[in-house]
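Enquirer: Starting from these lines, generate the structure:
(chains A and B)
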Amino acid sequence: GAGVSQSPSNKVTEKGKDVELRCDPISGHTALYWYRQSLGQGLEFLIYFQGNSAPDKSGLPSDRFSAERTGGSVSTLTIQRTQQEDSAVYLCASSSSGTGLYEQYFGPGTRLTVT
Amino acid sequence: GQQLNQSPQSMFIQEGEDVSMNCTSSSIFNTWLWYKQDPGEGPVLLIALYKAGELTSNGRLTAQFGITRKDSFLNISASIPSDVGIYFCAGMNYGGSQGNLIFGKGTKLSVKP
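Expert: As a prediction, this is how the structure comes out:
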């Protein structure tokens, strides 16, 4: 089956504009995660969805960031009023339930550049 | 946020050599994972470890979950050019409200052909 897909692969936007990043998880995976990776850095956790539970938003850096997951599948990460420091690669991952919950499978990422 | 201490930050080795990298944490983890990331791609899961002391292999890769639960190492035997990339360790705690992994900053591996 298909892996995690993300779109767009690259996004260039002007400072102050809103952007939406999309993630399609692996079919059947109940958990979905968003991470941010700045150049040469590790991964920074943003938000975590698990089934129908309320999402864990503790990693979102500001109230300009929000995410939704519709129908337990596709997720959209929205960044409002983008700033230059938002420039990074945004990675989405999904995992299954049980012990597989801890094995996250990543998409290729969306490279966001804010000019 | 919290990060693991991963070392070395980078390595430059001859093809055929063995490679070793490790991660340490001040917190106890119940799961350790190792990922590899190639340029322009997302991380790919290499090995997952669930028990203290566990030693697991995946081809030329071997990883161990430290007895103290605060560390893990990854060995690559007989390195080849396609081993080039960035290797990340990641750990997870049970019991926390977060389902997220905590990542190290990565070890960048470069191999001379």
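Enquirer: do the helix or strand hosting residue A:67 and chain B meet?
Expert: Residue A:67 is part of strand A:65-69, with elements assigned from DSSP states H and E. No: counting by CB under 8 Å from any CB of the partner chain, chain B is not contacted by strand A:65-69; separation bottoms out at 13.1 Å. Bear in mind the C-beta positions are built from the backbone N, C-alpha and C, glycine included.
Enquirer: And that strand, how far out from the chain middle?
Expert: 8 Å (CA atoms, centre = their mean, to the nearest Å).
Enquirer: So which elements touch the helix or strand just after it?
Expert: Downstream of strand A:65-69, the first helix or strand assigned by DSSP H and E is strand A:75-79. The contact analysis (3 or more CB pairs under 8 Å, 6 or more residues apart in numbering or on different chains; DSSP states H and E) places strand A:75-79 against strand A:19-24, strand A:31-37, strand A:43-50, strand A:65-69, strand A:88-95.
Enquirer: among those, which gets the worst mean confidence?
Expert: Mean pLDDT per stretch puts strand A:43-50 lowest among the helices and strands packed on strand A:75-79, at a mean of 90.
Enquirer: what's in contact with that one?
Expert: With contacts defined as CB atoms under 8 Å, 6 or more residues apart in numbering or on different chains, strand A:43-50 is touched by A:30-38, A:55-61, A:65, A:67, A:69, A:75, A:77, A:90-91, B:1, B:43, B:88, B:90, B:98-103.
Enquirer: Any of those buried? List them.
Expert: For these, a burial check counting by 16 or more other CB atoms under 10 Å in any protein chain shown picks out A:30-37, A:55-56, A:59-60, A:65, A:67, A:69, A:75, A:77, A:90-91, B:43, B:88, B:90, B:98-103.
Enquirer: Quickly run through the sheet partners of the strand holding residue A:67, with directions.
Expert: The pairing partners recorded for strand A:65-69 under DSSP bridges are strand A:75-79 (antiparallel).
Enquirer: contact partners of the partner strand?
Expert: A:18-23, A:25, A:32, A:34, A:46-47, A:49, A:64-70, A:86, A:90, A:92, A:112.
Enquirer: for that strand, what is the average pLDDT?
Expert: Mean pLDDT, computed over strand A:75-79, is 98.
Enquirer: Near the closest residue to chain B within chain A, how many other residues are there?
Expert: Going by CB to the nearest CB, chain B is nearest to residue A:106 of chain A, at 3.3 Å. The number of residues packed near residue A:106 is 22, by other CB atoms under 10 Å in any protein chain shown.
Enquirer: Test of understanding: give the bridge partners of it.
Expert: Residues in beta-bridge contact with residue A:106 (DSSP bridges): residue A:93.
Enquirer: List the contacts of it.
Expert: Counted by CB under 8 Å, 6+ apart, residue A:106 has contacts A:4, A:91-93, B:35, B:42-44.
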